[in-house]
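Trainee: 3D model of this:
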Amino acid sequence: MNEVDCDAFSKEDLIQLAKHQRNEMIKLEAINHHYMKHLERVIEHSSVERYRETVKGNNK
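Mentor: Numbering: from 1, shown residues only. This next block holds a predicted model:
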């Protein structure tokens, strides 16, 4: 990760930096949540498709 020399910043700058980093974390958490939901749907769909193929194979 990028290190920041905090001695060069004023209190207000550090507060702004912290707010910016918090907003970035919120965005990344939202992206992660969206990706995990998508991954769950892909896994579920794949499992259902495998089950259907197995059932078709057993009925032949």
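
Trainee: which stretches of the protein have low pLDDT?
Mentor: Per-residue confidence of the chain (counting by pLDDT under 70) places the weak regions at 1, 4.

Trainee: Please repeat the previous calculation with a cut-off of 90.
Mentor: Within the chain, the segments meeting pLDDT under 90 span 1-9, 48-60.

Trainee: Remind me which helix or strand the residue nearest the centre of it belongs to.
Mentor: The structure's the chain has its C-alpha centroid closest to N32; by Cα atoms, centre = their mean the separation is 0.9 Å. Secondary structure assigned from DSSP states H and E places N32 in helix 11-59.

Trainee: name the helices or strands packed onto that helix?
Mentor: Using 3 or more Cβ pairs under 8 Å, 6 or more residues apart in numbering; DSSP states H and E, no helix or strand is in contact with helix 11-59. Yep, even glycine has a C-beta here, placed from its N, CA and C like the rest.

Trainee: roughly how far apart are the residue nearest to the centre of the chain and N59?
Mentor: Counting by Cβ to Cβ, to the nearest Å, the gap from N32 to N59 is 41 Å.

Trainee: ditto for K27
Mentor: 48 Å.

Trainee: what does E12 give?
Mentor: With distances defined as Cβ to Cβ, the gap from E12 to N59 amounts to 71 Å.

Trainee: that older thread, looking at K27 and N59, which has the bigger crowd around it?
Mentor: Relative neighbour count places K27 above the other of K27 and N59, with 10 against 6, counting by other Cβ atoms under 10 Å.

Trainee: got the contact list for L14?
Mentor: The neighbours of L14, taking Cβ atoms under 8 Å, 6 or more residues apart in numbering as the test, are C6.
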